[in-house]
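Visitor: coordinates only, sequence not included:
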Ligand SMILES: Nc1ncnc2c1ncn2[C@@H]1O[C@H](COP(=O)(O)OP(=O)(O)OP(=O)(O)O)[C@@H](O)[C@H]1O
């Protein structure tokens, strides 16, 4: 393991912590900290920008940063505005040499604000990758171990590979981790000054350290355990996290528990599971049970039928409470979870599809027998059961970092939520260049088939005109459906979804060509940078067709943000069905139907759709805070026993 900063005396990075051998913050900063940070940023911002301006056209060179006195100044003075302007200007010169463009002032401001403990909203396509590099390199020069966290393997690898020569030029080491990285590779990456990793991988490595060495509090007992084990912890502490698409990680994924599990013998006998599936298969939706959002509930008729069915099972499974619980799960497997929407079958196993990103998540499993029920439903071999070793949520993990920074194009909707949870303000930065996005409004259709037909017609017309088209859908199944309709018209769409994994970058590389139609789930909604062919640029750029019934406001903004990036031209329109998704769930039926056929620019449609999305977001915020409270209570209860973080 590489020496921690504490070995050579802790860097005096202000504001911030004294880095310990494996430092952890015991509690997240209080909410009022957000206000303090915001005021500090507001006060120092003019000075920072003036300094930056004064440096432009000067004789500074990025090679200066290799000199020990710059590192010493950063360690001693911390990330103060005047010094940071000097450092960031020099790092900008390095970016210019390696990538061919000078970072613009909002990118520099974003980097500085993150090092002050702020989250930053920068419009999609404004260059968050470079802003993150500027912050990561500055902190690494100060001797702080940096974790740059992304939503998935593809983005971690893409950014790490692209930025590696820049880190190298500064004499810094960098590494990256993906889901397939082996133990030695992980250890080598964590020993680097900057490591790029998907948030999930880092969280699991932290959990593994927790299981191997106990609570990493730097105490003598902990140090003794580390020494006895003969190996070192994988991570060098939770010092600075820079999270790309921070709202996705801290809000959308906040409710997904990260469970470190080991294989255990299957405790549910296969014949019992098969019987439950058969019983659930004979039940009808609306008669014996109803599907209510994500949950399945029994109707009075269903309850009435329970005792007779329970009696068919052997003891102890015929116990009424166990049977009801098992049957509800079997109903979920039979009727609520759908193949190619909620899960896919890969290499003879059921693989969960992340509802947010549309990506396959092989490391995630449904608990309490549901995964086994799905495998049997699909005629696959029964998977091993899992035993929980440790568990954690992203909110708990990231509240343990000494310094938390992050960027996203969509933060304003959740600014208050994040300030309350992490004590971090959200700084909104202006666009560097005015947006050339042409928003084509929203059209509502009576049902999904009508909408898909309209989307096909529109995509065909635009493709014939030499534009590139991106159609955003809500699921793998929807993507396949519209792709089939397009093929019937003699078109050859590219399809980007959960089943492709490694092919993702190839699809994205071709998506900006003239006449190209790409169909994608939310997989394309974040971080995807579609390079435009010059011919497409001349024709008006990429056109996004958002067929986004279930998209929240942020997911929709991210999808639309795939076009009109960095001052490019681009356009987008939204096609909704009032028979499903957020309009169906949140508006009375009669009201949703009145929106069908209204002109695309209708203010009423726009307002009602936004209201419906806002109600969904509000429910999400409530649920996240309830979970966080529960998480804290659980952690307090379990503090003595070890497995929870
Ligand atoms: N200062 C700059 N000048 C010119 N081009 C830039 C600049 N900064 C970044 N870019 C380019 O802009 C494109 C978008 O950058 P990037 O993918 O980092 O954007 P983003 O803000 O992360 O987008 P998203 O929100 O969609 O993830 C990239 O091709 C990048 O090379």
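Guide: Thanks, I have it. Quantities reported herein were computed from a predicted structural model and do not represent experimental measurements.
Visitor: now the strands: where do they sit in the stretch 351-500 of the chain?
Guide: Per DSSP state E, counting those that start in this stretch, the stretch 351-500 of the chain carries strands over the ranges 385-392, 403-408, 426-428, 436-445, 468-472, 494-496.
Visitor: can you tell me if the fourth one touches the ligand.
Guide: No. With Cβ under 6 Å from any ligand atom as the threshold, strand 436-445 lies outside contact range of the ligand, at a closest distance of 12.9 Å. From N, CA and C alone the C-beta is placed, and that goes for glycine too.
Visitor: same for that strand, what does it pack against?
Guide: The contact analysis (3 or more Cβ pairs under 8 Å, 6 or more residues apart in numbering; DSSP states H and E) places strand 436-445 against helix 448-464, strand 569-577, helix 603-638.
Visitor: ok, 10 Å please
Guide: helix 448-464, strand 542-546, strand 569-577, helix 589-594, helix 603-638 (3 or more Cβ pairs under 10 Å, 6 or more residues apart in numbering; DSSP states H and E).
Visitor: from the contact counts, what lies against the second one?
Guide: Going back to what we said before, that points to strand 542-546. Using 3+ Cβ pairs under 10 Å, 6+ apart, strand 542-546 sits against strand 436-445, helix 448-464, strand 468-472, strand 517-520, helix 553-560, strand 569-577.
Visitor: does the ligand sit close to the third one?
Guide: So the one you mean is strand 468-472. No. Using Cβ under 6 Å from any ligand atom, strand 468-472 stays clear of the ligand, coming no nearer than 12.3 Å.
Visitor: low-confidence ranges in this protein?
Guide: Low-confidence segments of the chain, defined by pLDDT under 70: 1-26, 217-218, 263-267, 293-294, 355-358, 498-503, 505, 523-525, 527, 631-645.
Visitor: which single residue of it ends up nearest the ligand?
Guide: residue 127 (2.7 Å; Cβ to the nearest ligand atom).
Visitor: residue 92 versus that residue, what's the distance?
Guide: 12 Å (Cβ to Cβ, to the nearest Å).
Visitor: please enumerate the shared neighbours of the two.
Guide: Listed contacts common to residue 127 and residue 92 are 101, 103, 104, 107; contacts here mean Cβ atoms under 10 Å, 6 or more residues apart in numbering.
Visitor: in a markdown table, list those along with neighbour count and secondary structure.
Guide: Below are those laid out as a markdown table (neighbours: other Cβ atoms under 10 Å; DSSP: H, G, I helix; E, B strand; the rest coil):
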| residue | neighbour count | secondary structure |
| --- | --- | --- |
| 101 | 12 | coil |
| 103 | 24 | coil |
| 104 | 17 | coil |
| 107 | 28 | helix |
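Visitor: farthest pair in these?
Guide: Maximum pairwise distance among the shared contacts of residue 127 and residue 92 (Cβ to Cβ): 10.0 Å, between 101 and 107.
Visitor: give the residues shared as contacts by these two.
Guide: 92, 95, 127, 130.
Visitor: quick check: residue 581 vs residue 519, distance?
Guide: Noted for residue 581: a distance of 18 Å to residue 519, by Cβ to Cβ.
Visitor: of the two, who's got more company?
Guide: Each of residue 581 and residue 519 has its neighbours counted (other Cβ atoms under 10 Å); residue 519 has more, 28 against 21.
Visitor: ok, what's across the strand from that one?
Guide: residue 471, residue 495 (DSSP bridges).
Visitor: show me what contacts it?
Guide: 455, 459, 469-473, 478-483, 485-486, 493-497, 507, 545, 547.
Visitor: over to residue 433?
Guide: Residue 433 neighbours (Cβ under 10 Å, 6+ apart): 104, 126, 566, 567, 568.
Visitor: in these, find the pair that's most separated.
Guide: Largest pairwise distance in those, by Cβ to Cβ, is 15.3 Å, between 104 and 568.
Visitor: spell out which parts of this protein neighbour the ligand.
Guide: Near the ligand, when you scan the chain using Cβ under 6 Å from any ligand atom, you find 101, 103-104, 107, 122, 124-130, 409, 527, 529, 561, 565-566.
Visitor: can you rerun that using 8 Å?
Guide: Counting by Cβ under 8 Å from any ligand atom, the positions of the chain adjacent to the ligand are 95, 99, 101-104, 107, 122-131, 244-245, 407-409, 432, 526-529, 531, 558, 561-562, 565-566.
Visitor: and the buried ones among the contacts of residue 433, selectable in ChimeraX?
Guide: In ChimeraX, a selection of the buried entries from those looks like this (16 or more other Cβ atoms under 10 Å):
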select :104,126,566,568
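Visitor: tabulate the contacts of residue 433 (a markdown table), appending distance to residue 595.
Guide: Formatted as a markdown table, these follow (distance: Cβ to Cβ, whole Å):
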| residue | distance to residue 595 |
| --- | --- |
| 104 | 40 |
| 126 | 33 |
| 566 | 34 |
| 567 | 34 |
| 568 | 31 |
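Visitor: out of the contacts of residue 433, who's nearest residue 185?
Guide: residue 126 (32.3 Å).
Visitor: any idea how far that closest one is from residue 409?
Guide: Taking Cβ to Cβ, one finds residue 126 at 8 Å from residue 409.
Visitor: need the overlap of contacts for these two.
Guide: Shared contacts of residue 126 and residue 409, counting by Cβ under 10 Å, 6+ apart, come down to residue 561.
Visitor: on that earlier part again, pick the most buried one from the helices and strands packed on strand 436-445.
Guide: Of all those, strand 542-546 carries the top mean neighbour count, a mean of 27, counting by mean count of other Cβ atoms under 10 Å.
Visitor: got the angle for it vs strand 436-445?
Guide: Angle of strand 542-546 versus strand 436-445, following axes from the mean of the first three to the mean of the last three Cα atoms, to 10 degrees, is 30 degrees.
Visitor: in its sheet, what does strand 542-546 sit against?
Guide: Short version: by DSSP bridges, strand 542-546 pairs with strand 468-472 (parallel), strand 569-577 (parallel).
Visitor: and the ones you listed: which comes nearest residue 413?
Guide: strand 569-577 (17.2 Å).
Visitor: can you give me the buried ones in the next helix or strand after the closest one?
Guide: Proceeding N to C from strand 569-577, the next assigned helix or strand is helix 581-586, under DSSP states H and E. Using 16+ other Cβ under 10 Å as the test for burial, helix 581-586 gives 581, 582, 583, 584, 586.
Visitor: wait, what's in contact with the closest residue to residue 540 other than its chain neighbours?
Guide: What sits nearest to residue 540 in space, not counting adjacent residues and going by Cβ to Cβ, 6 or more residues apart in numbering, is residue 569, at 5.1 Å. Listed by Cβ under 10 Å, 6+ apart, the contact partners of residue 569 are 435-438, 467, 532, 536-543, 563.
Visitor: which of these are buried, as a PyMOL select command?
Guide: With 16+ other Cβ under 10 Å as the burial test, the buried ones among these are selected in PyMOL as follows:
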select buried, resi 435+436+437+467+532+536+537+539+540+541+542+543+563
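Visitor: between the contacts of residue 569, which is closest to residue 612?
Guide: Of all the contacts of residue 569, residue 437 has the smallest distance to residue 612: 22.8 Å, by Cβ to Cβ.
Visitor: test my guess that that closest one contacts residue 544.
Guide: Yes. Residue 437 is within contact range of residue 544, at 9.3 Å (criterion: Cβ atoms under 10 Å).
Visitor: and for those two, which residues touch both?
Guide: With Cβ under 10 Å, 6+ apart as the test, residue 437 and residue 544 both reach 560, 561, 563, 564, 570, 571, 572.
Visitor: quick check, nearest of these to residue 202?
Guide: Once Cβ to Cβ is applied, the member of the shared contacts of residue 437 and residue 544 that ends up nearest residue 202 is residue 561, at 25.4 Å.
Visitor: surely that closest one meets residue 570?
Guide: Yes. The criterion here is Cβ under 10 Å, and residue 561 meets it with residue 570 at 9.4 Å.
Visitor: which residues do the two both contact?
Guide: Contacts common to residue 561 and residue 570, judged by Cβ under 10 Å, 6+ apart, are 125, 435, 437, 544.
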